[in-house]
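In: My questions are about this predicted structure, shown below with the sequence.
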Amino acid sequence: QVQLVDSGGGLVEAGGSLRLACTISGVTTSRDVTAWFRQAPGKEREFLARIDWSAGRPTYADAVKGRFTIFKDSAKNTAYLQMNSLKPEDTAVYYCAQGNYYSDYRVTSYRYWGQGTQVTVSS
């Protein structure tokens, strides 16, 4: 069983930064991938970024490319999402998810999910 605990959300002013963390426990492999999604009230869950644990290759949604950075610390079994130049429209609950090599931008391609962490960006 794999468990994910995401943290680091909070209230920040527009233009500010936050770093989210996703700590993973349980049975994992080097072929796993970790992704970040977000869900705003009344909207569908949205893919943000993905990283594979073997080579550390990141993939980003166009909406966050250049502002958000996904990276990992293998020693801590933790993936991070560094968010810069935050905007009020970034306000949402942010979730990390664990999948395999074939997991991509689709919510259904990820098997394990964190509990979510709230990010609120004030204008």
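Out: Cool, the structure landed. Numbers count the residues shown, from 1 in each chain.

In: who's in contact with stretch 61-70?
Out: 34, 36, 46-51, 58, 60, 79-86, 105 (C-beta atoms under 8 Å, 6 or more residues apart in numbering). Bear in mind the C-beta positions are built from the backbone N, C-alpha and C, glycine included.

In: So which bits of that stretch are buried?
Out: 61, 64, 68-70 (16 or more other C-beta atoms under 10 Å).

In: Identify the farthest-apart pair in the residues you listed.
Out: Based on C-beta to C-beta, the longest span within these runs between A61 and T69 and measures 12.8 Å.

In: so L11 sits right up against T117, yeah?
Out: No: using C-beta atoms under 8 Å, L11 is not in contact with T117; the gap is 11.9 Å.

In: Look at these two and report which has more neighbours.
Out: Applying other C-beta atoms under 10 Å to L11 and T117 shows that T117 carries more neighbours, namely 22 against 12.

In: Leaving out sequence neighbours, find the closest residue to that one.
Out: Nearest residue to T117, sequence neighbours excluded (C-beta to C-beta, 6 or more residues apart in numbering): G9, at 3.4 Å.

In: and the nearest residue to D52 once chain neighbours are set aside, what are its phi and psi?
Out: Distances taken as C-beta to C-beta, 6+ apart put V33 closest to D52, at 4.7 Å, once the chain neighbours are dropped. Backbone dihedrals for V33, given as degrees, to the nearest 10, come out at phi -130, psi 150.

In: repeat for E89
Out: Torsion angles at E89 (phi, psi; degrees, to the nearest 10) stand at phi -70, psi -10.

In: for V107, same thing?
Out: phi -60, psi -40.
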